[in-house]
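Participant: just the structure for this:
(one chain, ligands or ions: 1)
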Amino acid sequence: MSLHVASLTLSHFRSHRVARLRLDARPVAIHGANGSGKTNLIEAISLLSAGRGLRRAAAADMTRRPEALGWKLTAEVIRDGETIEVKTWSDAGAARQVRIDSKAASQLDLAERIRVLWLIPAMDRLWIEGAEGRRRFLDRAAMSLFPDHATATLAYEKAMRERNRLLKEQVRDAHWYRALERQMAESGAAVHSHRMATLDALRTAQQDATTAFPAAELSLEPIEGDLPETAEDLADALEESRFRDLAAGRTLVGPHRADLSGRYAAKDVPARDCSTGEQKALLLSLILSNARALKARIGTPPLLLLDEVAAHLDANRRAALYDEVCALGAQAWMTGTGPDLFEDLGDRAQRLLVEDEDGVSTVTVE
Ligand SMILES: Nc1ncnc2c1ncn2[C@@H]1O[C@H](COP(=O)(O)OP(=O)(O)OP(=O)(O)O)[C@@H](O)[C@H]1O
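Facilitator: Reported below is the predicted structural model:
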C-alpha cells in the first residue's frame, strides 16, 4: 500500500509561475540555493491535504506577486494503485476551493484521502515556546489519524467563542450558558479522547521502531487545575468555573487549556532542556512515529515533507532517516541547499533542482 504524487502542476503559486512535474513513488530530494523556491514547492504539496498548509498562510498570500491573480495546483496522486485527481485553487483573494476527481469536495474529503505530515524549521522552538504550538502539533497528529478530529475541534472552538462573548459581556443568567456548555462538553470530550488515542498510537509506534532517533515520552497536562476527560466532567467543570470565568472574561477550563509535555526518554530530561540537535531529533522521531502509526492504522503511509531537516542531522542520523523513509515506503519530500546532503540516498530517491531566475522559480528533474 502506498501513496505518492505522480504529477503536479503549480500555477502562479508564490515564486513559481508555472511548474510541471512528473514523479515516481520514490522520495524526492530537492536542492537549490536559499530563497530559490524549495519550501514553496513543498508548501504546495501540503495543500493536497486539508488545512492552510505548512506555513498556515491565508489563501490570498500564496498567490504570485506582483500579479496576484490567484493560484492553482493540479495533482495526480496514486493511492494504493488508484488515481486521485486533486485540483485546488484560490481566485484572487478568495477562500481556497477543492475538487477531487472533477467533483467539488470538502477539506474533510481531502483529509480522508490524502494524509500529509511535515517537519519545518518554524517548529524548531516547539518545546520552548508556548503551549499553543504544542497543542497544534498534537492536533495535527490527531487529525492525521482521526480526520474528524478537525470537526470536533472546530465545533468546540465555535461554542467557546460564543461562551467567551457572553463572559465578556458579563452575562450572568445561567440559562444562556447551558446549551453552549453542553456543545463544548460533547465536542471537547471528543477532542480530548482523540488526543489521548493519538498519544497511545505514537507511544506504540515509538516502541515498535528500531530507530536511531531518540524516543520522546509524551503526556498531556493541564496548564492549571484539571483536564476533564468525559463530557459529563467537562460540563460540570464549565458550570463550576463560570464565576471565575466571568472575572477573567474567558473560559479557563477545557481541552484548550492542555499542554503537551515531552521528555527525552533515554536521558530523562524535559525536551525543552535538550540541545538544539536533540530537540530536532525528538521531533523527527515523533513525525516518523506518526507516519508508522498511520501506516499501521490505515495501511498506507502519508506523504512526508521534511524541510531543511537533513542539514541538521549528523551523518549517522541522516543515513538512518533515509533508511527509515525508504522502509516506510513514504514519498518523503526533503529539501536542502546542496545535492551532497542526499548522496546517501543513491538511486533510492529522485532529485529536483530548484533555481531562481529573476524572481521566478524553475524546477528541473535531474
Ligand atoms: N506570494 C509570493 N509571490 C512571489 N514570491 C513569493 C511569494 N511568497 C514568497 N515568495 C518568494 O519565494 C522565494 C522562495 O522562498 P522559499 O521559502 O521557497 O525558499 P527556499 O528555497 O526554501 O529557501 P531557503 O533555503 O532559504 O529556505 C522567496 O524569495 C520569497 O520572497
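Participant: which regions of the stretch 201-350 of the chain lie under the pLDDT threshold?
Facilitator: Under the criterion pLDDT under 70, no range of the stretch 201-350 of the chain is flagged.
Participant: how about 80 then?
Facilitator: 208-211 (pLDDT under 80).
Participant: now do the helices in this protein.
Facilitator: Using DSSP state H, the helices of the chain run over residues 38-46, 107-113, 131-145, 149-168, 175-208, 231-248, 276-298, 315-328.
Participant: between those, which one is nearest to the ligand?
Facilitator: Judged by Cβ to the nearest ligand atom, the one of the helices of the chain that comes nearest to the ligand is helix 38-46, at 3.3 Å. C-betas here are computed from N, CA, C, even on glycine.
Participant: which pLDDT value goes with the residue lying closest to Arg250 once chain neighbours are set aside?
Facilitator: Distances taken as Cβ to Cβ, 6 or more residues apart in numbering put Asn164 closest to Arg250, at 5.0 Å, once the chain neighbours are dropped. Asn164 carries a pLDDT score of 98 in this model.
Participant: show the contacting residues for Asn164.
Facilitator: Residues in contact with Asn164 (Cβ atoms under 8 Å, 6 or more residues apart in numbering) are 249-251.
Participant: contacts with the ligand among these, please.
Facilitator: By Cβ under 6 Å from any ligand atom, no member of the contacts of Asn164 lies near the ligand.
Participant: nearest to the ligand among those?
Facilitator: Minimum distance to the ligand across the contacts of Asn164 is 34.4 Å, recorded for Arg250 (Cβ to the nearest ligand atom).
Participant: ok, that closest one - contacts?
Facilitator: Contacts for Arg250 (Cβ under 8 Å, 6+ apart) come out as 164, 167-168.
Participant: repeat that for Ala189.
Facilitator: Counting by Cβ under 8 Å, 6+ apart, Ala189 has contacts 228-231, 234.
Participant: Arg26 and Gly35, how far apart?
Facilitator: With distances taken as Cβ to Cβ, to the nearest Å, Arg26 is found 26 Å from Gly35.
Participant: any buried residues in stretch 349-365, and which?
Facilitator: Residues of stretch 349-365 classed as buried by neighbour count (16 or more other Cβ atoms under 10 Å): 349-354, 361-363.
Participant: just put those residues in a markdown table and tack on distance to the ligand.
Facilitator: As requested, the buried residues of stretch 349-365 are exported to a markdown table (distance: Cβ to the nearest ligand atom, whole Å):
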| residue | distance to the ligand |
| --- | --- |
| Ala349 | 18 |
| Gln350 | 18 |
| Arg351 | 15 |
| Leu352 | 11 |
| Leu353 | 11 |
| Val354 | 6 |
| Ser361 | 7 |
| Thr362 | 12 |
| Val363 | 11 |
